[in-house]
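Q: Dropping the sequence and predicted coords here.
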Amino acid sequence: MTKTRERKPGERATVRALLDTHGQTYAAEAGIRLRDTPQPLYQLLVLADLLSARIRASVAVSTARALADAGLRDPRRMADASWQERVDALGEGGYRRYDERTATQLGDGAELLRDRYGSDLRRMRREADGDVETLRALLQEVPGLGPTGADIFLREVQRVWPEFAPYLDAKALRGAERLGLPGRPERLARLVPTEDTAALAAGLVRAALDASVVDDVRQRVAA
């Protein structure tokens with residue numbers, strides 16, 4: 001019993017330090033004010049697509065901003081834009097390595113979302129009916145959005161679609177392991193309010209990707 005009491009404050013201190021310094025969601029970093037409305041949900045989907053490529057997260061985030069600045073904020077506008085307009089917006093954000101392929105995928109994906117879901121991802125949510133694996137499969141029907149992209153979307157969208165929380169995938173759990181935190185999503189989720197689970201997931205992913213995040217959190221907890 002004593003060991004349990006000693007461990008929990010350490011876990012909570014670690015999580016608090018992580019959230020305070022590295023807990024910004026990727027959507028927030030990209031300037032997306034995430035709400036349960038069609039436009040920000042679509043912008044999150046595009047961000048998840050961009051982040052899923054083997055490219056720096058900072059480049060994906062800046063590219064999501066560039067696409068929004070170009071007016072490509074919803075499936076209709078993305079589908080109506082020319083392929084070159086999409087390529088140019090991707091290049092503006094620094095997403096040059098995959099710009100031609102991604103421009104095609106964004107156009108095809110926008111057409112699918114427009115035709116099947118009326119440009120409204122909330123219809124996909126309703127189709128999933130609270131089942132996370134169904135939603136994960138539906139997301140992967142969008143061109144360019146594979147398993148990694150679906151995981152990114154789900155980690156972030158749980159902030160406004162709480163029936164899918166806690167969504168802490170293998171990458172987030174790898175970050176938890178590096179920080180000495182519990183390795184089960186349910187135990188991790190109990191360390192934060194439900195509305196902070198997406199921020200926790202983002203911080204854990206940063207810890208998985210960057211050893212300096214782990215060092216920083218440990219130093220703050222020890223201070």
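A: Looks like it arrived, so ask away. Numbers count the residues shown, from 1 in each chain.
Q: contacts and neighbour counts: CA atoms only from here.
A: Fine.
Q: what bits of the chain have low per-residue confidence?
A: For the chain, the stretches with pLDDT under 70 are 1-9.
Q: List the buried residues of the helix or strand residue 91 falls within.
A: Using DSSP states H and E, residue 91 sits within helix 83-92. Across helix 83-92, burial judged by 16 or more other CA atoms under 10 Å covers 83, 85-92.
Q: now for it, which elements pack on it?
A: helix 57-69, helix 99-117 (3 or more CA pairs under 8 Å, 6 or more residues apart in numbering; DSSP states H and E).
Q: quick one: buried residues of the shortest one?
A: Translated: helix 57-69. 57, 59-68.
Q: Identify all contacting residues around whatever helix or strand residue 78 lives in.
A: Take DSSP H and E as the rule and residue 78 turns out to sit in helix 75-80. With contact meaning CA atoms under 8 Å, 6 or more residues apart in numbering, helix 75-80 is reached by 42, 71-72, 86, 106-111, 113-114, 119.
Q: May I have that helix exported as CSV, CA atoms only?
A: Output in CSV follows, covering the C-alpha atoms of helix 75-80 (Å, rounded to 0.1, in the frame of the first residue of the first chain):
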residue,chain,number,x,y,z
PRO,A,75,-13.8,19.5,-48.6
ARG,A,76,-15.7,21.6,-51.2
ARG,A,77,-13.0,24.2,-51.6
MET,A,78,-10.3,21.5,-51.5
ALA,A,79,-12.0,19.5,-54.2
ASP,A,80,-12.7,22.6,-56.4
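Q: show me the contacts for residue 90.
A: Applying CA under 8 Å, 6+ apart, the residues contacting residue 90 are 63, 66-67, 96, 99, 103.
Q: do residue 181 as well
A: Contacts of residue 181 by CA under 8 Å, 6+ apart are 11, 14, 188.
Q: Cheers, nothing more for now.
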